[in-house]
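Asker: sequence? don't have it. structure:
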Ligand SMILES: [Zn+2]
């Protein structure tokens with residue numbers, strides 16, 4: 001697995017009350033569209049545990065929808081039963097989507113990717129298809145035909161295969177290349193809460209607040225969550241964030257299934 005427990009410096013040294021900062025963020029109403037549609041995407045889902053249960057409970061308490069990207073090779077019938085148990089109440093809040101087959105890096109060097117040029121079209125298409133089949137057999141009709149490439153990165157061949165296999169959307173970073181094909185819109189994440197790379201916690205804090213502020217001024221704002229990397233400070237901040245957003249006017253909270261429909 002590639003989802004070790006490395007916690008961003010920002011959350012290891014939460015020097016300033018981030019809740020105070022949240023109150024100073026601009027109203028989404030100032031966005032050109034007059035409304036901000038917001039979704040939260042939790043990646044690397046498949047292994048139930050305390051952190052996962054806590055995350056789901058937080059979203060349930062605030063009545064905020066959550067998109068959950070499942071890693072097909074990690075999911076078993078037993079694990080799915082447990083994930084389902086945790087999220088059984090309020091099924092409308094959860095949008096289950098497909099993450100990378102095994103979340104394995106195939107790039108020989110440089111940036112990590114599972115769906116990049118190191119592998120053939122056939123191999124990538126096979127992984128997309130067997131991922132979808134495995135998740136469909138376990139999750140059933142609740143599975144959304146939406147793909148989240150690991151590290152928010154995939155190549156042109158993968159995009160072609162997604163269209164070919166009937167996927168209805170994907171989700172990467174804002175501005176990701178190559179551009180999404182016709183019929184497979186990209187709903188990007190713009191705010192990275194838990195895999196920030198800044199070594200310096202103050203830099204991390206400022207960068208996150210900038211992403212937040214810019215994200216909320218757009219018509220669509222996606223948040224990326226990695227529950228394995230959350231500590232108390234990260235949970236406390238997310239709690240404040242969800243409370244604040246769910247009370248704001250001009251905010252529409254959705255999961256990716258609501259956008260695809
Ligand atoms: Zn991932």
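Answerer: Right, received. Where do you want to start? Only a predicted model underlies this, so the values are computations on that prediction, with no experimental measurement involved. Numbering: from 1, shown residues only.
Asker: Residue 20 sits in which helix or strand?
Answerer: helix 18-23 (DSSP states H and E).
Asker: right, and the helix or strand after that helix?
Answerer: Next along from helix 18-23, by DSSP H and E: strand 36-45.
Asker: Tell me what angle the next helix or strand after that following strand forms with strand 36-45.
Answerer: Next in sequence after strand 36-45, counting helices and strands by DSSP H and E, comes helix 50-62. Helix 50-62 runs at 160 degrees relative to strand 36-45, counting by axes from the mean of the first three to the mean of the last three C-alpha atoms, to 10 degrees.
Asker: residues from the protein in reach of the ion?
Answerer: The chain comes close to the ion at residues 43, 44, 150, as judged by C-beta under 5 Å from the ion. Where C-beta positions appear, they are placed from N, C-alpha and C, glycine not excepted.
Asker: Looking at neighbours, which among these is most surrounded?
Answerer: residue 43 (27 neighbours; other C-beta atoms under 10 Å).
Asker: Is that one in contact with residue 224, as I believe?
Answerer: Yes - under the criterion of C-beta atoms under 8 Å, residue 43 makes contact with residue 224 at 6.6 Å.
Asker: Tell me where this structure has helices.
Answerer: 9-12, 18-23, 50-62, 77-86, 121-139, 156-165, 201-216, 232-247, 256-260 (DSSP state H).
Asker: Please point out which parts of the fourth one sit buried.
Answerer: For helix 77-86, a neighbour-count test (16 or more other C-beta atoms under 10 Å) marks 79, 80, 82, 83, 84, 86 as buried.
Asker: Tell me which residues touch the residue in the stretch 1-150 of the chain positioned nearest to the ion, please.
Answerer: Nearest residue of the stretch 1-150 of the chain to the ion: residue 43, at 4.0 Å (C-beta to the ion). Each residue near residue 43 by C-beta atoms under 8 Å, 6 or more residues apart in numbering is listed here: 69, 99, 148, 150, 224, 225, 226.
Asker: need the contact list for the third one.
Answerer: Contact analysis of residue 148 by C-beta under 8 Å, 6+ apart lists 41, 43, 69, 97, 98, 99, 100, 170, 171, 172.
Asker: Repeat that for residue 194.
Answerer: 7, 8, 11, 224, 225, 226, 227, 229, 230, 234.
Asker: Keep only those of those residues that are in strands.
Answerer: Per DSSP state E, strands hold the following members of those: 224, 225.
Asker: Can you say which of the contacts of residue 194 are buried?
Answerer: 7, 8, 11, 224, 225, 226, 227, 229, 230, 234.
Asker: Out of those, flag the one nearest to the ion.
Answerer: Relative to the ion, and with distances defined as C-beta to the ion, the nearest of those is residue 226, at 7.4 Å.
Asker: can you give me phi and psi for that closest one?
Answerer: The phi and psi values for residue 226, taken as degrees, to the nearest 10, are phi -130, psi 100.
Asker: pretty sure it is in contact with residue 44, am I right?
Answerer: Yes - under the criterion of C-beta under 8 Å, residue 226 makes contact with residue 44 at 6.1 Å.
Asker: Pull the contacting residues for residue 91.
Answerer: residue 142.
Asker: Then the one 5 residues further on?
Answerer: Listed by C-beta under 8 Å, 6+ apart, the contact set of residue 96 reads 68, 70, 135, 139, 142, 143, 144.
Asker: Show me how to select, in PyMOL, the buried members of the residues you listed.
Answerer: Selecting just the buried residues from the contacts of residue 96 in PyMOL takes one command, with 16+ other C-beta under 10 Å as the test:
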select buried, resi 68+70+135+139+143+144
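Asker: I'd like the contacts of residue 96 laid out as a markdown table, including pLDDT.
Answerer: A markdown table is the format used below for the contacts of residue 96 (pLDDT from 0 to 100):
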| residue | pLDDT |
| --- | --- |
| 68 | 98 |
| 70 | 98 |
| 135 | 98 |
| 139 | 96 |
| 142 | 94 |
| 143 | 97 |
| 144 | 97 |
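Asker: For the closest residue to the ion within the stretch 151-261 of the chain, the count of nearby residues, please.
Answerer: Closest contact between the stretch 151-261 of the chain and the ion, by C-beta to the ion, is at residue 151 (6.8 Å). Using other C-beta under 10 Å, residue 151 has 20 neighbouring residues.
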